[in-house]
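Colleague: Following is a predicted model, sequence given first.
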There are 2 protein chains.
Amino acid sequence: MHMYDSLFVFLSQLNTVSGELKEAITRCLTKQELKKKTLLLQEGKVCDRVYFIEKGLARAYYFMDGQEITSWFMKENDMIISVYSFFSQRISYENMELEEDSILISITNKDLQMLYRQFPEFNFFGRVLTEDYYVRSEERIISHRMQTAEQRYEALFKSSPSLFNRVLNKHIASYLGMSAETLSRIRKKRK
Amino acid sequence: MHMYDSLFVFLSQLNTVSGELKEAITRCLTKQELKKKTLLLQEGKVCDRVYFIEKGLARAYYFMDGQEITSWFMKENDMIISVYSFFSQRISYENMELEEDSILISITNKDLQMLYRQFPEFNFFGRVLTEDYYVRSEERIISHRMQTAEQRYEALFKSSPSLFNRVLNKHIASYLGMSAETLSRIRKKRK
DNA sequence: CCTATTTCTTGATATATATCAAGCAGTTTT
DNA sequence: AAAACTGCTTGATATATATCAAGAAATAGG
């Protein structure tokens, strides 16, 4: 078992990775074991790393009128960035934080751009992954616009029941675009 | 002036396009002059083309409780697809329609995938464009979550004043996530 | 284990925006 | 040019969900 196998298994599901490319990527990677509550990105800074979650769970959030609003949760086998900041390389409005002790593999944006230039075929992976996460984002937008608070709760509970054991209800509430009180009332009705 | 110059000027701002790639792309392209109200995609079908708008304006919308909700407007020098349907190749929930007589250049998804396989460096363009539109989508999400109806109107009016002369107010209203009546009341206050 | 802190629940009230309805103003059709 | 649409405006009312407040339950710290 090699150090970055979890990541390369993930990538090889999208396309074959040549030996030469694999070596070049490996030279750029870093692996970290980090504690719950570690801040991966702080608002006001530029997101300059992509992380792959080998184990654990992360959350992105921003502040609005002093309140934390959760943008997303990501877990094992997910790639994470703060989309706006990473792709535009401008200051982030959101924070990224670990919600569990986690094992992360990461690469800097600079190294990533170097690999994209040096190995044109590496853009295939970047393209497909960006498309994939963009689709997920669209699904959330449409769910948010077409469903009531209660329907959004139902849909999330059905698609990711285990999430409710891993994060606080108030974070799920703001992720679903409702107050913690509203979520509590919905949950009461449902049991 | 060649037939697809508008598109190649657009692409060459992202990276150089080799002669061989340019020829291969050109063989896959189609140019159409289409009338206002032409439906580019109908809900229930799969989006199987990317369009580049050389001239004109398009709008995407879907139905909710019998009402049209506008997802986006795109104009000259924009690439358009129905993100969810095109990238996932599943049935579309949205329609795409021309709001003005337009000139469009397009390529089928099948040809696009062929080019991605045959010219690895072509993925560079797909990646960068996807990142760019994903960032714009994020900006709209955050504007929607952090601003009131009135603030969203102000921001759009400031960033795209000309849009108000090109499309109906009711479409702008649903794009901004408010009723036509609310938009009307906001506009009244502001003049 | 006891105490302190944070999270969750429940009720009362407030509010932004939607919905309904009807008239007016443009635009297109005949 | 009248008739028929369609879009826009304005007022009255409705509603989903937020906010405020305070107690109960759960979790974490010493």
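Modeller: Structure's in. What do you need?

Colleague: Low-confidence ranges, chain A, go.
Modeller: Within chain A, the set of residues satisfying pLDDT under 70 comprises A:1, A:191.

Colleague: Dihedrals phi and psi, the residue nearest to A:Ile81 when sequence neighbours are not counted?
Modeller: Among residues not flanking A:Ile81 along the chain, A:Val50 sits closest, at 5.1 Å (C-beta to C-beta, 6 or more residues apart in numbering or on different chains). Glycine gets a C-beta too; all of them are placed from N, C-alpha and C. Taking degrees, to the nearest 10, you get phi -100, psi 130 for the backbone angles of A:Val50.

Colleague: So A:Val50 is in contact with A:Lys110, correct?
Modeller: No. Applying C-beta atoms under 8 Å, one finds A:Val50 not in contact with A:Lys110, separated by 11.4 Å.

Colleague: which one of those two has more residues nearby?
Modeller: The neighbour comparison of A:Val50 against A:Lys110 (other C-beta atoms under 10 Å in any protein chain shown) goes to A:Val50, with 18 against 11.

Colleague: bridging residues for that one?
Modeller: Note on A:Val50: beta-bridge partners by DSSP bridges are A:Ile107.

Colleague: list the contacts for it?
Modeller: A:Met79, A:Ile80, A:Ile81, A:Phe86, A:Ser106, A:Ile107, A:Asn109, A:Leu112 (C-beta atoms under 8 Å, 6 or more residues apart in numbering or on different chains).

Colleague: Out of the residues you listed, which comes closest to chain B?
Modeller: The closest of the contacts of A:Val50 to chain B turns out to be A:Phe86 (C-beta to the nearest C-beta; 8.7 Å).

Colleague: can you pull the contacts of the residue nearest to A:Ser92 when sequence neighbours are not counted?
Modeller: Excluding its sequence neighbours, the residue lying closest to A:Ser92 (C-beta to C-beta, 6+ apart) is A:Ser85, at 3.6 Å. Applying C-beta under 8 Å, 6+ apart to A:Ser85 gives the contacts A:Leu41, A:Val46, A:Cys47, A:Ile91, A:Ser92, A:Tyr93, A:Glu94.

Colleague: Just the buried subset of the residues you listed, written out for PyMOL, thanks.
Modeller: Buried residues within these, by 16 or more other C-beta atoms under 10 Å in any protein chain shown, are selected in PyMOL with:
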select buried, chain A and resi 41+47+92+93+94
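
Colleague: tell me, which of the contacts of A:Ser85 make contact with DNA strand C?
Modeller: Near DNA strand C, judged by C-beta under 7 Å from any atom of the strand, there are no entries from the contacts of A:Ser85.

Colleague: Outline the domain layout of chain A.
Modeller: Taking automatic domain parsing as the domain assignment, the ranges for chain A are A:5-146, A:147-191.

Colleague: May I see those domains organised as TSV, with distance to B:Arg145 added?
Modeller: Output for the domains of chain A, formatted as TSV (distance: least, C-beta to C-beta, whole Å):
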stretch	distance to B:Arg145
domain A:5-146	7
domain A:147-191	7
